[in-house]
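Peer 1: generate a structure from the sequence data that follows.
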Amino acid sequence: MADTSLLVYAPILLKAVGLTIWLSWLALLIGGLGGLVLALMRISRFRPLRLFALLYTELFRSIPILIVLFFCYYGVPLVFGTDLSAFAAATLALGLHASSMMSEVIRAGIGSVGTGQWEAAQAAGMTYRQMMRHIIGPQAMQVILPPSVGIYIMVLKESSVASIIGYVELTATGLLIRESVGGGFTILGVVALFYFVLCYTISLAGGVLESRMKVVGHGMPIGELR
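Peer 2: Numbering: from 1, shown residues only. I've put the predicted structure just below:
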C-alpha cells in the first residue's frame with residue numbers, strides 16, 4: 001500500500017530533483033569563478049594576494065560544510081545585518097566550500113603547462129589574457145576537467161545538508177514523504193537511486209567531454225594566433 005502511494009509523490013520528487021540540480025549547479029558556478037580568482041591569486045607575484053588565497057583555501061577546505069552552512073544562515077545576518085533565505089545561504093555555503101577545492105584544481109591545471117609554452121607565447125607578443133585564452137587555458141582544461149567533475153558530484157551530494165536549515169531539496173523531500181506515508185525505507189531507497197542516477201550521469205557526461213577535449217588537442221599553434 002505504501003509503495004503504491006509513493007507514486008502519488010513522483011511529481012514532487014522530480015521537482016525536488018530539479019531543485020537539487022539547480023542548487024548544486026549555482027554553487028559549482030560560484031565555486032568555479034571563485035576558484036579561478038583564487039588560483040590566479042595563488043600564482044600572483046604579489047605576496048599578500050598569495051597569502052590571502054592560501055589562507056582562504058586552507059580555511060574552507062578544513063571546516064566541515066555543516067559549520068559553513070550554519071555560519072552563512074545564522075552568522076551572516078548577525079555580522080552584516082542582512083537576512084539570507086535558506087536557498088541563498090545553502091548556495092553561498094556550498095559555493096565557498098567548492099571554491100576552495102576548485103582553486104587547487106585550477107592552480108594545478110595552470111601549473112601543468114610547461115614554462116616553454118609561456119615563454120613561446122610571450123615571445124610571440126601575446127598579452128596575459130591572450131596567453132590564458134589561447135595557449136594556457138585549453139591545455140590546463142584537460143587537467144582541470146576530471147577532478148572538477150568529482151567536485152560537482154561532491155557538491156551535489158553535500159547539497160543534502162541544506163535540509164537542516166529548512167530548504168526542501170531531494171533529501172528533505174524524501175524524509176517528508178516518508179513521514180507522510182508512514183515508516184519504511186522504500187522512499188529512502190528511491191531518493192538514493194535518484195542521487196545515483198544524477199551522479200552517474202554527471203560522471204558519464206564528464207568522461208565524454210574529456211574525450212572530446214583530447215581529440216581537439218592541446219590548443220592551436222601559436223603561429224596561427226598571431
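Peer 1: which pLDDT value goes with the closest residue to Y9 other than its chain neighbours?
Peer 2: Computed as C-beta to C-beta, 6 or more residues apart in numbering, the closest residue to Y9 that is not its neighbour in sequence is I177, at 4.9 Å. C-beta coordinates here come from the backbone N, C-alpha and C atoms, glycine included. According to the prediction, I177 has pLDDT 87.
Peer 1: secondary structure class for the spatially most central residue of the chain?
Peer 2: By C-alpha atoms, centre = their mean, the chain has its centre lying nearest to L28, at 2.8 Å. With DSSP: H, G, I helix; E, B strand; the rest coil as the basis, L28 sits in helix.
Peer 1: what do you get for S44?
Peer 2: In three-state terms, and counting by three-state DSSP, S44 is coil.
Peer 1: contacts only, for it.
Peer 2: By C-beta atoms under 8 Å, 6 or more residues apart in numbering, the residues touching S44 are 50, 53.
Peer 1: ok, now L176?
Peer 2: Contacts for L176 (C-beta under 8 Å, 6+ apart) come out as V168.
Peer 1: and it, how far is that from G137?
Peer 2: Counting by C-beta to C-beta, to the nearest Å, the gap between L176 and G137 amounts to 44 Å.
Peer 1: same check on A89?
Peer 2: Going from A89 to G137 by C-beta to C-beta gives 33 Å.
Peer 1: and these two? Which one has more around it.
Peer 2: Using other C-beta atoms under 10 Å, the more surrounded residue of A89 and G137 is A89, with 25 against 15.
Peer 1: hmm, the more buried one is touching P77, no?
Peer 2: No - taking C-beta atoms under 8 Å as the contact criterion, A89 and P77 are not neighbours in contact, 9.2 Å apart.
Peer 1: can you pull out the strands in this protein?
Peer 2: In order along the chain, the chain carries no strands (DSSP state E).
Peer 1: and the helices in it, which stretches?
Peer 2: Assigned helices in the chain, in chain order: 2-6, 10-42, 47-62, 65-70, 76-80, 86-111, 115-123, 128-130, 137-158, 170-181, 186-216 (criterion: DSSP state H).
Peer 1: what's the neighbour count on the residue nearest to Y9?
Peer 2: 21.
Peer 1: same thing with G111?
Peer 2: By the other C-beta under 10 Å criterion, the neighbourhood of G111 contains 13 residues.
Peer 1: need the contact list for it.
Peer 2: I43.
Peer 1: and the pLDDT for it?
Peer 2: pLDDT for G111: 81.
Peer 1: over to the one 3 residues further on?
Peer 2: Per-residue confidence for G114 comes out at a pLDDT of 75.
Peer 1: what of C199?
Peer 2: Per-residue confidence at C199 stands at 93 (pLDDT).
Peer 1: now swap in M220 and tell me
Peer 2: pLDDT, M220: 45.
Peer 1: now the closest residue to S160 other than its chain neighbours: how far from I187?
Peer 2: Ranked by C-beta to C-beta, 6+ apart and with sequence neighbours excluded, the top spatial neighbour of S160 is T171, at 3.9 Å. Taking C-beta to C-beta as the measure, T171 falls 11 Å from I187.
Peer 1: just for the chain, where's the confidence low?
Peer 2: Low-confidence regions of the chain, defined here as pLDDT under 70, cover residues 1-6, 182-184, 214-226.
Peer 1: flag every buried residue along stretch 37-52.
Peer 2: The neighbour-count criterion (16 or more other C-beta atoms under 10 Å) identifies 37-42, 49 as the buried residues of stretch 37-52.
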